[in-house]
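Student: predicted model follows, preceded by the sequence.
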Amino acid sequence: MRCTQRNKHRIWLCPYSGTQNIIDENGHDTGEKIQTYGQAIEVWANVSPATGQSGAEQFGNLENYDKVIVTNDLSCPIDENSVLFIDKEPSYTSVLTMNVSAASTLLGTSAITPVYVSVPVPDYTVRRVAKSLNSMSVAVRKVTVM
């Protein structure tokens with residue numbers, strides 16, 4: 001599939017960077033984790049209006065997706081853990097956690113400071129990535145994040 005400039009749309013991609021433990025106000029680990037993502041990266045790619053039969057064959061038996069993104073930029077950092085902003089601009093929410101200073105806990109006193117972690121509120125998640133010699137196809141699914 002050719003990726004001509006006139007068919008490309010601007011989308012935003014937040015690459016997955018790991019998880020972070022949530023710490024309560026007393027400095028104790030709550031057991032909950034926050035998925036953290038990098039800053040939104042602007043990507044230009046061909047976005048299909050809806051799924052089709054050729055897309056279903058392309059990704060095997062995976063039928064649980066809404067759109068297909070095709071790009072000829074093989075260095076695009078998209079993977080199955082990335083989140084996307086296709087129909088809207090990037091937006092974020094803040095999650096409060098605490099930072100415990102390791103040096104102060106060795107001395108018996110704990111310095112606990114509040115930290116706000118910025119978490120993206122995407123409208124699409126990546127279901128599958130299929131790379132070929134000249135292009136990359138990505139199956140994405142619409143999500144509702146509260």
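Tutor: Structure received. Please read all numbers here as calculations on a predicted model, not as lab measurements.
Student: what about residue 89, how many residues close to it?
Tutor: For residue 89, the neighbour count with other Cβ atoms under 10 Å is 8. Backbone N, C-alpha and C define where each C-beta goes, glycine included.
Student: correction: the previous question concerned residue 141.
Tutor: If we define neighbours as other Cβ under 10 Å, then residue 141 has 15 of them.
Student: where does it sit, in terms of helix or strand?
Tutor: Applying DSSP states H and E as the criterion places residue 141 in strand 136-142.
Student: and that strand, C-alpha only, in CSV?
Tutor: Provided in CSV are the C-alpha atoms of strand 136-142 (Å, rounded to 0.1, in the frame of the first residue of the first chain):
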residue,chain,number,x,y,z
MET,A,136,3.8,-0.9,8.8
SER,A,137,0.1,-1.6,9.4
VAL,A,138,-1.5,-1.1,12.8
ALA,A,139,-4.9,-2.3,14.0
VAL,A,140,-6.4,0.1,16.6
ARG,A,141,-9.5,-0.1,18.8
LYS,A,142,-11.5,2.8,20.1
